[in-house]
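S.K.: Kindly generate the corresponding structure for this input.
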Amino acid sequence: MKKINNLIIKGKINIMKNQFNSKMILALSLIAFYSCTTDDFLEKPPLNELSTEVSYASKSDAEAAVGAIYGMPAQMNQHYYKWQHTFFSDMRADNTHSGFVASIINVELGQPNAADIEPIEYPWSQNYSYIAAANTVIDNIPGIEDPKFTDAEKNVIMGQAYFLRGYYYFHLARLYGGVPLTLSTTDTEILKARSTQEAVFAQVESDLLLAESLLPKEYSDNFLTRSRATKGGSQAMLAKLYAETGDYTKSAEYSGKVISSGVYDLLPTFDHLWDGDHEYNRESIFEMVHVPGTDIATYVGAQVLPPGDYSQYDGNKSGFNSWEVPYHRFNTMKTDLVAAFKEMGDTVREESTIFYVPYELATQPNFGYLEGEPIGHTWKMGRTGEIFDKHNVILIRLADIILLRAEALNQIGQTGEAVTLLNQVRARVNLAPTTASSSSEVALAILKERRLELVVENNRFWDLKRYYNDDAKLTQHINGQTDSAGNSFGVQTTVGKVFIPIPQSELDVNPNLTQNPGY
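M.R.: Prediction:
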C-alpha cells in the first residue's frame with residue numbers, strides 16, 4: 001500500500017490551496033455529457049480543446065461547465081462512486097468482503113489506518129474536487145450576459161450545481177461527520193476547520209431545496225432525465241437526508257413526492273436494472289454515464305468478477321473477463337448475506353446479484369469462506385469484466401425511495417401504508433406479501449428487504465445505523481459477524497469508529513483539522 005512521501009504532501013498542499021477553484025481546469029478537460037443527447041455526445045470533441053483560461057461568456061460555456069461536473073466521477077482515474085463507496089457501506093457493515101490488500105481489509109475489520117492513502121483518501125479528495133467544480137459554476141453562471149441564455153436556462157444550470165454540491169457534501173458528512181464547508185471560489189480561508197455534521201447537513205438541505213425549486217421534473221429526452229439532476233432527484237436526496245437526521249415526517253413527505261411524480265416506475269424485471277441493455281429506464285432517478293472503449297468508463301467488473309469464461313463457474317451466467325490478473329476479487333459476498341437470500345427464498349435478486357465460483361477454482365485467499373464452500377462474487381456491478389466497460393452506475397433509484405418511505409411511514413405510525421409499499425417491492429421479485437404486522441416486525445422486515453434489494457448500492461451501513469438508532473448496538477451487530485461455521489471475523493469497530501478517519505495526508509497540510517476518535 002502506498003505511503004505518504006514528499007511528492008504526495010507537496011501535491012496535497014497544492015490541492016488545499018486551490019481546492020475550490022483550480023479543479024475546474026480539470027473539470028473542463030472532461031467530456032460534457034449532459035449538454036446533449038447520447039448520439040450528440042459521442043460526436044462532441046473533448047473540452048480540453050478549449051482554452052484553460054475559462055471566461056464564462058456564453059450559454060455553451062455554462063453547459064460545458066456543469067456537464068463536466070457529471071463527467072468527473074465517471075473518469076477512469078476516479079474511484080469512489082464507481083465502486084469504492086461499497087467499502088464504506090456494504091463492506092464496513094455485514095454484506096461483503098474486501099480483497100487481500102491490507103488497508104482495505106482494515107476497513108472491513110474496523111481498523112482503518114489514517115495514514116493510508118487508499119482507500120480512505122479517495123472519498124475525501126474526490127468529493128471535494130466535484131464540490132470545487134460546482135462552486136465554480138455557482139459563482140460564475142449568474143454573471144454570464146448572453147442574449148441566448150435565458151433566466152430560466154440559467155436557473156436549471158444553477159439548480160444542477162446546487163444539487164451536485166449538496167449530493168457530495170451529504171456523502172462527506174455521512175462518512176466523516178463534520179467536514180470543512182467552503183461554498184465559493186472566492187473564499188480566502190484555505191485551511192478550514194471542520195464544521196459540525198449538523199452544519200454540513202443544514203447546508204445540504206439548503207442546496208437541495210434550492211435545487212428542487214429550480215430544476216424540472218423531466219428534460220427534453222429520457223437520457224437527460226435519468227442522467228441529470230432533476231426535481232425528483234433533489235426530492236429523493238432530501239428524503240435520504242431527513243431519514244439520516246431522524247426527521248421521518250419530512251422523509252415520508254419527500255419520498256412521497258418522488259413516488260407520486262409520474263416520472264418513475266419499478267421495472268417489471270429486476271435483472272434489467274443490471275444487464276446493461278436497459279439503461280436510462282424509468283426506475284432510474286440519477287445514474288452515472290459510462291461509454292464503452294473510452295476513459296469515461298467503469299472497470300468495476302474487472303475488480304469484482306473472477307477471471308476467465310464465466311460459464312466454467314456458473315451455468316446461469318455467460319460472458320468473459322478479459323482481465324486475467326489472479327487476485328482475490330473485492331466485494332465477495334459474506335456467507336450471511338447468501339444465507340439471507342436463501343432464507344427469504346429470493347432467487348430472483350440472488351441470481352442478479354451473486355456469481356458463484358467453486359472454491360477450488362477461486363483465486364486465494366478466500367477470506368470468510370470455508371473450504372469447499374462456493375464463493376459468491378458480485379454480479380450486479382458491470383458484467384463484462386472489461387477494463388473500459390460501458391455499464392452505467394445507478395446512484396439513486398425508485399425501489400430505494402419506496403422502501404425509504406415505508407421505513408419513514410412505519411416510524412411515524414402509518415404501519416399499514418408502510419406494509420403496502422414493502423409488498424410492492426416484494427411483488428416485483430415474486431415474493432409473497434410480508435407477514436409482519438407490528439411496527440417492530442415491519443421495521444425489521446423493511447431492513448431485510450433493503451438488504452437484499454440494495455446490495456452494493458451504498459446503503460447498508462446507514463440502514464443498520466438508522467435501524468439500531470444506537471451506535472453501541474450497531475457496533476455490537478457489526479463485530480458479531482461470523483463465517484458459516486461460527487468463526488469470528490475479528491471485526492473490532494467501536495462507537496468512535498462510526499465515522500471513517502480523516503486522511504492523514506489532509507491532517508499533514510491543514511493544522512486546523514482534527515481526527516475522528518479512535519484513529
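S.K.: hmm, what's the outermost residue in the protein?
M.R.: residue 147 (38.0 Å; Cα atoms, centre = their mean).
S.K.: tell me the SS of that one?
M.R.: Counting by DSSP: H, G, I helix; E, B strand; the rest coil, the backbone at residue 147 sits in coil.
S.K.: which residues does it contact?
M.R.: Contacts for residue 147 (Cβ atoms under 8 Å, 6 or more residues apart in numbering) come out as none. Bear in mind the C-beta positions are built from the backbone N, C-alpha and C, glycine included.
S.K.: Which per-residue confidence value corresponds to it?
M.R.: pLDDT for residue 147: 96.
S.K.: now swap in residue 471 and tell me
M.R.: pLDDT, residue 471: 96.
S.K.: for the closest residue to it other than its chain neighbours, what are its contacts?
M.R.: Nearest residue to residue 471, sequence neighbours excluded (Cβ to Cβ, 6 or more residues apart in numbering): residue 495, at 4.5 Å. Counting by Cβ under 8 Å, 6+ apart, residue 495 touches 471-472, 475.
S.K.: ranking those by neighbours, who comes first?
M.R.: Ranked by neighbour count (other Cβ atoms under 10 Å), the contacts of residue 495 have residue 475 at the top, with 21 neighbours.
S.K.: I'd like the next helix or strand past the helix or strand that one falls within.
M.R.: Element membership for residue 475 (DSSP states H and E) is helix 471-479. Proceeding N to C from helix 471-479, the next assigned helix or strand is helix 504-509, under DSSP H and E.
S.K.: Which other helices and strands does that following helix contact?
M.R.: helix 6-18, helix 121-140 (3 or more Cβ pairs under 8 Å, 6 or more residues apart in numbering; DSSP states H and E).
S.K.: and that helix, what's its mean pLDDT?
M.R.: 94.
S.K.: Enumerate every residue touching residue 429.
M.R.: Applying Cβ under 8 Å, 6+ apart, we find residue 429 in contact with 270, 346, 348-349.
S.K.: so is the nearest residue to it once chain neighbours are set aside in a helix, a strand, or just coil?
M.R.: What sits nearest to residue 429 in space, not counting adjacent residues and going by Cβ to Cβ, 6+ apart, is residue 348, at 4.0 Å. When classified by three-state DSSP, residue 348 comes out as helix.
S.K.: wait, isn't residue 348 in contact with residue 272?
M.R.: No: the pair residue 348 and residue 272 does not pass the contact test of Cβ atoms under 8 Å, sitting 11.5 Å apart.
S.K.: related to what we said a few turns ago, and the residue nearest to residue 429, what does it touch?
M.R.: Taking Cβ under 8 Å, 6+ apart, one finds 270-271, 429-430 in contact with residue 348.
S.K.: So which elements touch the lengthiest helix in the chain?
M.R.: Longest helix in the chain, counting residues (DSSP state H): helix 151-176. Packing partners of helix 151-176 (3+ Cβ pairs under 8 Å, 6+ apart): helix 59-71, helix 121-140, helix 197-214, helix 231-244.
S.K.: Mind putting the ones you listed into a markdown table with mean neighbour count and mean pLDDT?
M.R.: Putting those into a markdown table (neighbours: other Cβ atoms under 10 Å; pLDDT from 0 to 100) gives the following:
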| stretch | mean neighbour count | mean pLDDT |
| --- | --- | --- |
| helix 59-71 | 23 | 96 |
| helix 121-140 | 23 | 96 |
| helix 197-214 | 20 | 98 |
| helix 231-244 | 25 | 99 |
